[in-house]
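> Requesting a structural model of the entry that follows:
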Amino acid sequence: MKFKIFRFKRIKSTNDTAIKIIKNSNIKFGMIISLTQYGGRGQYGKKWISYKDNLFVSFFYSLESLKLSMRQLTKIKCLIVKKLIS
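Predicted coordinates:
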């Protein structure tokens with residue numbers, strides 16, 4: 001599994017950027033990180049308020065080739081974020 005990290009200073013939406021990368025490349029596993037975002041979305045299409053100095057992250061991965069439980073996957077994502085901010 002090749003995991004790619006994409007870092008941005010300012011971005012419209014980490015989620016929109018992840019979708020663009022998935023559609024326009026053959027990268028199957030990755031993480032989008034931004035210092036700020038100006039068009040983020042919350043659950044159910046609600047507007048996401050993005051305050052300066054928060055962490056904005058979206059993960060993407062191919063479920064077909066992933067051999068982990070959702071619990072394991074959640075733990076891995078938390079450890080990655082912890083490593084990035086420490």
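> Now do the helices in the chain.
For the chain, the helices defined by DSSP state H occupy 14-24, 70-85.
> Would you reformat these as CSV and include mean pLDDT, distance to Asp53 and mean neighbour count?
Yep, even glycine has a C-beta here, placed from its N, CA and C like the rest. Conversion of the helices of the chain to CSV gives the following (pLDDT from 0 to 100; distance: least, Cβ to Cβ, whole Å; neighbours: other Cβ atoms under 10 Å):
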stretch, mean pLDDT, distance to Asp53, mean neighbour count
helix 14-24, 92, 16, 16
helix 70-85, 79, 11, 11
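> Reformat the ones you listed as JSON lines; add distance to Gly40.
Shown next, in JSON lines, are those (distance: least, Cβ to Cβ, whole Å):
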{"stretch": "helix 14-24", "distance to Gly40": "7"}
{"stretch": "helix 70-85", "distance to Gly40": "16"}
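> who wins for proximity to Lys46 among those helices?
Closest to Lys46 of the helices of the chain, according to Cβ to Cβ: helix 14-24, at 12.8 Å.
> which residues sit in contact with the residue nearest the centre of the chain?
Taking Cα atoms, centre = their mean as the criterion, Ser58 is the residue nearest the geometric centre of the chain, at 1.4 Å. By Cβ atoms under 8 Å, 6 or more residues apart in numbering, Ser58 lies in contact with 14-15, 17-18, 31-32.
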